[in-house]
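Chemist: Pasting a predicted model and its sequence here:
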Amino acid sequence: MIRQGWIDPADSVSMVQQCVLASVSRATVYAQQKPKPVDELDLLHSRLIDAQYTRHPFYGTRRMVVFLETVGHIVNRKRVQRLMRLMGLAGMAPGPNTSRARPEHKVYPYLLRGVPIVRPNQVWSTDITYIRLAHGFVYLVAVIDWYSRRVLSWRISNSMETVFCVDCLEDALRTYGKPEIFNSDQGSQFTSAAFTGALEREGIVISMDGRGRVFDNIFVERLWRNVKHEDVYLKGYATMGELMIGLAAYFVFYNGERPHQSLGDRTPDVVYRTGIGGGAMILDKFGGAGEEPSVPLRSTDVSSPADERSEATAESNTKAKAKPGQRRPAANEVECTA
């Protein structure tokens, strides 16, 4: 006990060296030290941060600082960083850019604005998203049918190479035939010669989203939201093998069991098979000057393409005139016809 009294934490000599010189076990010294008092404010902030993170796991330190301010607690970001680090919390930071363009690749115009989607295999589209695993990211690509929202094919890869996108496309073409129009963004995978060549080989018209047009491929974006919130975030896959098994089960559920409100609570499988209850249209009441005009698709109706365009324009103009108390439709609003 006398030698333990020789140990002074405030001394310039380190605690390790003092214990060695005094022949005292460090565990004994540390055990007798008084625990630091708990900061009640830290406990309160920790509880608030934990509750908010549970509701919104994508919140990082900056958003947490703003959140705490809104509930009456002014704190700096370093404090929030320290508390989140102690709790093992980290916001879901934005992943890699999955739509990097290549200037040397040909870019095609967007052809679907104002075009009614009236049957299966009229329009397919694709996109890539990232999924966070325990160590790093993997990439998910899918091909969907716009009319029925059915996922026709999907692939995952640990790299952004074009080959897994082409493989996904070829699988959809082998299994379901071919669409009239295929839409994608301007990512280098989809503008590559390998990808566009596969479409041109089948005589498929190519359409690509305009830059900054977030609604041009809205149906795939909605698919990613559903996949992540209904499956990936809930299960927290650690490996590609686990993810592959989990996604396979989810897409069976998504296509065959999950009712879609925009399809009249039908499933994509039923709508794709029967050709009844689906459809969509991308509305743009304030299209920019100089954009390529929409190309009308073939319709099952006997009316001419010009009549179809006139009817679509008249319908959109009618909906644009909001009655008192109703919301006026916004530009680029997506309308889904059930």
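Modeler: Thanks, I have the structure now.
Chemist: Need the phi and psi values for E69.
Modeler: phi -60, psi -40 (degrees, to the nearest 10).
Chemist: That one: how many residues sit nearby?
Modeler: By the criterion of other CB atoms under 10 Å, E69 has 11 neighbours. Where C-beta positions appear, they are placed from N, C-alpha and C, glycine not excepted.
Chemist: Assign a three-state SS to the residue lying closest to it once chain neighbours are set aside, would you?
Modeler: In this structure, E69 finds its nearest non-sequential neighbour in V75, 7.9 Å apart by CB to CB, 6 or more residues apart in numbering. At V75 the chain is in coil, as set by DSSP: H, G, I helix; E, B strand; the rest coil.
Chemist: same thing with I144?
Modeler: Per three-state DSSP, I144 ends up strand.
Chemist: how close does it sit to R62?
Modeler: Here I144 is placed at a distance of 34 Å from R62 (CB to CB, to the nearest Å).
Chemist: who has more neighbours, the two?
Modeler: I144 (25 against 12).
Chemist: That one against L152, yeah?
Modeler: Yes: contact between I144 and L152 holds when scored by CB atoms under 8 Å: they sit 6.3 Å apart.
Chemist: shared neighbours of the two, anything?
Modeler: W124 (CB atoms under 8 Å, 6 or more residues apart in numbering).
Chemist: What does the residue nearest to G203 when sequence neighbours are not counted show for phi and psi?
Modeler: Residue nearest to G203 in three dimensions, not counting chain neighbours: K178, with 7.6 Å by CB to CB, 6+ apart. Torsion angles at K178 (phi, psi; degrees, to the nearest 10) stand at phi -140, psi 150.
Chemist: Tell me, what's the model's pLDDT at K178?
Modeler: On pLDDT, K178 comes in at 95.
Chemist: likewise L243?
Modeler: 94.
Chemist: ok, now S188?
Modeler: S188 is given a pLDDT of 85.
Chemist: So it versus N255, what's the distance?
Modeler: Going from S188 to N255 by CB to CB gives 29 Å.
Chemist: Next: Y130.
Modeler: 22 Å.
Chemist: Need phi/psi at R113.
Modeler: According to degrees, to the nearest 10, R113 has phi -70, psi 120.
Chemist: in the stretch 101-250 of the chain, which ranges drop under the pLDDT threshold?
Modeler: In the prediction, the stretch 101-250 of the chain carries residues with pLDDT under 70 at positions 101-105, 136, 210-216.
Chemist: what do you get if the cut-off is 80, keeping everything else the same?
Modeler: Residues of the stretch 101-250 of the chain that meet the criterion pLDDT under 80 lie in 101-106, 132-137, 210-217.
Chemist: Would you map the strands across it?
Modeler: Remark: strands assigned in the stretch 101-250 of the chain by DSSP state E, counting those that start in this stretch are 123-132, 137-145, 151-157, 181-184, 205-208.
Chemist: Using CSV, lay out these together with distance to V16.
Modeler: Conversion of the strands of the stretch 101-250 of the chain to CSV gives the following (distance: least, CB to CB, whole Å):
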stretch, distance to V16
strand 123-132, 40
strand 137-145, 41
strand 151-157, 49
strand 181-184, 61
strand 205-208, 64
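Chemist: Buried deepest among these, which one?
Modeler: strand 181-184 (a mean of 26; mean count of other CB atoms under 10 Å).
Chemist: care to break this structure down by domain?
Modeler: Per automatic domain parsing, the domain ranges recorded for the chain read 3-32, 40-87, 98-338.
Chemist: What is the neighbour count of G277?
Modeler: 18.
Chemist: Surely it is within a helix?
Modeler: No: the assignment for G277 is coil, going by three-state DSSP, so no helix is present there.
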